[in-house]
Every structure is written in C-alpha cells, then in structure tokens.
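> My questions concern the predicted model and sequence given below.
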Amino acid sequence: MAEAEKLDPEWDEALKDMEIELEIILRDAEATVTEIRKELAEQRLRRRQHEQIDKLPEYLATTRGRWRDLKALFTEVLEELRSGDGERDSRT
C-alpha cells in the first residue's frame, strides 16, 4: 500500500503541502526563538544597568573621598607656591 501512496498524485500533493506547512511552522518557531533571545538580552542589559544604578551611592561616596584628597593636594600646592612667591619677592 505504501507503494501505491507514493505513486498517487494526491498523496504527493498532500506531502508537499505538509512540507510547506512544516517549513512555515519552523520559520515561525525560529522567529519566535530569535525574539525570545532578543528579549532576554534586553532584560540582562536592564538588570546590569539597575545593578550599576544601585551602586551609585557607593561610587559617589568614593568619589567624594577622592575629591577631598585631590582638593587638599591642590590647596597644599597652592599654599606652597604662594609661600615660594613670597620668598622670591623678598630676595629681589
């Protein structure tokens, strides 16, 4: 009976229709998987962004400390430069 089905034009047409339908289903599934991957990537990105936002207070505290140190250094350099100017002025 399988031999007769292979030779039957209606059976061939039905197989072609099934193949076409399966191709459509596979393309749809692949498109859906692509969309899922895209969505997962976007969610991972948002999660990382939120993690960084949550760390902002820590970064700000660190930056304030470093800025105070830098400001103290600048103040010290400025004072040394000014005191050095005074020594040069008294020599001339």
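Arrived safely. The structure presented is a predicted model; accordingly, all values stated were derived computationally and were not measured. Numbering: from 1, shown residues only.

> which residues of the chain fall in helices?
Counting by DSSP state H, one finds helices in the chain at the ranges 2-7, 9-54, 56-91.

> Quick one: those as CSV, columns for mean pLDDT and mean neighbour count too.
C-beta here means a position set from N, CA and C on the backbone, and glycine is covered the same way. Compiled in CSV, the helices of the chain are given as follows (pLDDT from 0 to 100; neighbours: other C-beta atoms under 10 Å):
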stretch, mean pLDDT, mean neighbour count
helix 2-7, 58, 8
helix 9-54, 96, 10
helix 56-91, 85, 10
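
> how near is Leu40 to Asp28?
19 Å (C-beta to C-beta, to the nearest Å).

> Mind telling me which residue is nearest the centre of this protein?
Leu45 (4.2 Å; C-alpha atoms, centre = their mean).

> Quick check, pLDDT for Asp8.
Looking at Asp8, its pLDDT stands at 87.

> start at 26 instead
Happy to do that; since the first residue is 26 now, the last one works out to Asp33.

> what about it, neighbour count?
Other residues near Asp33 number 12, with proximity taken as other C-beta atoms under 10 Å.

> For Leu40, see how far away it is.
10 Å.

> what do you get for Ile49?
15 Å.

> How about Leu65?
From Leu65 to Leu40 the distance is 37 Å (C-beta to C-beta).

> do the same with Glu83
65 Å.

> Which residues are in contact with Gly109?
Counting by C-beta atoms under 8 Å, 6 or more residues apart in numbering, Gly109 touches no other residue.

> Could you check how far it is from Leu103?
Taking C-beta to C-beta, one finds Gly109 at 11 Å from Leu103.

> joint contacts of these two?
Counting by C-beta under 8 Å, 6+ apart, nothing touches both Gly109 and Leu103.
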